[in-house]
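Participant: Here's a sequence, model it:
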Amino acid sequence: MNTETGNFYPPPRFWGALMSAPLRLLPARRLPLLVLLALAVALAALPAAEPAQAQAQYPHWSATLTVDEREQYHGCDDEDSSQANCSDASVLTDNDFTFDGVTYTLYAIYWNSNNNVLLVGFKDMFSEEVEPALGSLTLHVNGAQFAIADSNAGNQGAVSWPFDPNPDWTDGQKVSLRLTGPPPPPDNQKLLLSATLTVDEDNGFHGCYNGKDIIALANCTKKHALDNPKFKFKGTGYRVVIVSLAANKTLTLGFQGVSEGETKAYEDLSGAEAKAALGALTLHVDGEEFAVSGAGTSSIGVFWRTGLGWTEGQKVRLYLTALPPPEQVTGLKALRMDQSVRLTWDDMSSVPEWDRIEKMQYQQQARGDDGWGDWGDWTDIGLVGSYTVSGLTNGTTYNFRVRAVGPGGEGKSSRPVKAKPTAKPAAPTGLIANAADGAVILHWDTHDDYSTWTDDKAKWQYRERNDTKWTLVAERGANGALVEDSNGKSVPAVDPSSFTVTGLANGTDYDFQVRVRNDAGWSKPSAWSHLVTPQAPPDPPQGATVPQSWDYIPKDAEGNPLKPGEKFRLLFVTQNGHRATATDINWYNKQVQDALPGSFSSFAEQYRAVISTAAVNARDNIANDPKVPVY
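Facilitator: I've put the predicted structure just below:
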């Protein structure tokens, strides 16, 4: 038993353990008799091997040849003007095929009756290239089989075999042709390695082996037994150094990986290391599939119990495949927040094989004074549908992109998105409330930074002291009604500085707060407004007139007095020299009426008013705000 793995599938190095250290370096064909006897005893202890089976055959090409007889040549040949062309579909129904992703074209196929040779010519190839490329294929001619690995190389991409058909081919005869070989890897998997193994045999082992053990198999190198041992997976280079089929049909696969040091040299991988790094791969050979994740492990590689059977010199096609990497992440969005950015993307559950996504990763790039910096390393964020990147600097612009990672590697990264983290807005200031009939008019200060927000993100809310629920400051139309979207929901007001709260009870005291949000979140609430009491307006006095001089009405920003009939709105009033104590328009109007029909001069000395027009929002400067004019 293999004590290293707990399985009775010994790797080649097992046999070296039967010998002393010096004998392990001896070529197997010159082993001492005692060593050979020990090896025979060990082999006899293995489970009985099943009979060898032929390599699985897959149809890669089929066609029908209509024989054209020209002297001793029976078939077709594009290079011979006297012979029918193989490119003519009426002569050869199909003259090209694809194998391992490469398309090949036949320019000649005929039987030479003078020397009893079957010749097949491949266009744009040297004859010496045919066997390495197509050596695992077999040509079937009316039931007779001709392995390309056993062919004789000729000239101009032609190979041949001894052939004496019975009966002889005759002009116009229909000949059935097929090319078969190992099945191709599945279409839904990514091909990492496609190689042809020329099987070597020694002491009951078949394959190739890059070791100095007692198993003297040919090396798994391009010049020897394995024509393409190298591949890449997840950005790391690997090469196959062992392909060994033991007498008990245990198939061992050994790898080396490129080290991460400065020298970038290949280093041996133990079976456990290979399984951890390459567990997403599948080996395809002779029509069987072997998942690395399900393999046993030893000190030199991974192994499986198989039903394979190889012979000396046999051409065996090997494929290593992996599941394809996940699809590209789409719909990436970046929501700026306070010292952070919230990343969201389209639901990945609609992506093919989404359940094999193992994790998501993001990458960021910052813009400084000298332009964009380098992209940082990819950061694992787990199997999530959104992620908040924290620790960012407010006011700095960042680029972000996201990708999915699965057993087949990293998917294509999303398109980058840009975001600039920002602080939450400051609490609104200057909130005042004016009482009206069944309503209260709220007015607050505006700030320059509010105007930089996107319309769909800057939202205002208000609440009354007795109500814990915040209500949207909605857009109102020209008729005063709230504007609604197609779903019947109120539309947020765009950069408002006032709002009329309707549906209130006259004679009831109210006070309010407002707050505002941006992408980073909600501000703290404003200070509470003073108490206001909605009430119905009094009946206007009879015979009262307003003097035409408007001596005590504030002027606009350009110093022009308001004209009679010009629309304006009273925002608040205060007794001269004192802080605001009332904003009741009805109360103010009563003061005006009480002053009629006498002079306005005494009234103007005692009270000051703030007027709002389309041109200017003038504010009383009780708080000594230098930006507000004094009236």
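
Participant: contacting residues for L106?
Facilitator: Residues near L106 by CB atoms under 8 Å, 6 or more residues apart in numbering: 86, 92, 95-96, 120-123. Any C-beta I mention is one placed from the backbone N, CA and C, and that applies to glycine too.

Participant: can you give me the helices for the stretch 451-600 of the chain?
Facilitator: Secondary structure of the stretch 451-600 of the chain (DSSP state H, counting those that start in this stretch): helices at 585-595.

Participant: Report the buried residues of stretch 231-243.
Facilitator: Residues of stretch 231-243 classed as buried by neighbour count (16 or more other CB atoms under 10 Å): 231, 233, 238-243.

Participant: just for the stretch 51-200 of the chain, where's the confidence low?
Facilitator: 51-56 (pLDDT under 70).

Participant: one step back: by neighbours, which of the contacts of L106 wins?
Facilitator: Among the contacts of L106, C86 has the most neighbours (other CB atoms under 10 Å), with 28 neighbours.

Participant: still on that earlier bit, of the contacts of L106, which belong to helices?
Facilitator: Within the contacts of L106, no residue falls in helices by DSSP state H.

Participant: Tell me the one among the residues you listed nearest to Y362.
Facilitator: Using CB to CB, D96 comes nearest to Y362 of the contacts of L106, at 46.3 Å.

Participant: The closest one: what's it in contact with?
Facilitator: D96 touches 103-106, counting by CB under 8 Å, 6+ apart.

Participant: Over to S490?
Facilitator: Neighbour list for S490: 472, 474-475, 482-484 [criterion: CB under 8 Å, 6+ apart].

Participant: picking that back up, in strands, which of the buried residues of stretch 231-243 appear?
Facilitator: The strands, defined by DSSP state E, take in 231, 233, 238-243 from the buried residues of stretch 231-243.

Participant: Could you single out the nearest of those residues to N434?
Facilitator: Of all those, F233 has the smallest distance to N434: 72.3 Å, by CB to CB.

Participant: In this structure that closest one contacts L323, no?
Facilitator: No: using CB atoms under 8 Å as the test, F233 is too far from L323 to be in contact (11.3 Å).

Participant: Flag the shaky bits of this protein, pLDDT-wise.
Facilitator: Checking the chain against pLDDT under 70 turns up 1-56, 212-214, 261-263, 351-355, 447-458, 537-631.

Participant: now G254: how far from N210?
Facilitator: Applying CB to CB, to the nearest Å, the value for G254 to N210 is 8 Å.

Participant: Which stretches in the stretch 201-350 of the chain count as strands?
Facilitator: 205-209, 230-233, 236-245, 250-258, 266-268, 281-285, 288-291, 296-297, 302-305, 315-322, 333-337, 340-344 (DSSP state E, counting those that start in this stretch).

Participant: what about the ones you listed, which gets the closest to Y387?
Facilitator: Smallest distance to Y387 across the strands of the stretch 201-350 of the chain (CB to CB): 5.0 Å, for strand 340-344.

Participant: Restrict the following helix or strand past that closest one to CA atoms and write it as PDB.
Facilitator: Using DSSP states H and E, the helix or strand that follows strand 340-344 in sequence is strand 359-368. Taking Å, rounded to 0.1, in the frame of the first residue of the first chain, the C-alpha atoms of strand 359-368 are listed here in PDB:
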ATOM      1  CA  LYS A 359     -15.300  35.500  -5.000                       C
ATOM      2  CA  MET A 360     -15.300  39.100  -6.300                       C
ATOM      3  CA  GLN A 361     -12.400  41.500  -6.400                       C
ATOM      4  CA  TYR A 362     -12.000  45.200  -6.900                       C
ATOM      5  CA  GLN A 363      -9.200  47.500  -7.900                       C
ATOM      6  CA  GLN A 364      -8.900  51.200  -7.500                       C
ATOM      7  CA  GLN A 365      -6.900  54.100  -8.900                       C
ATOM      8  CA  ALA A 366      -6.600  57.700  -7.500                       C
ATOM      9  CA  ARG A 367      -6.200  61.000  -9.300                       C
ATOM     10  CA  GLY A 368      -3.600  63.300  -7.800                       C
END
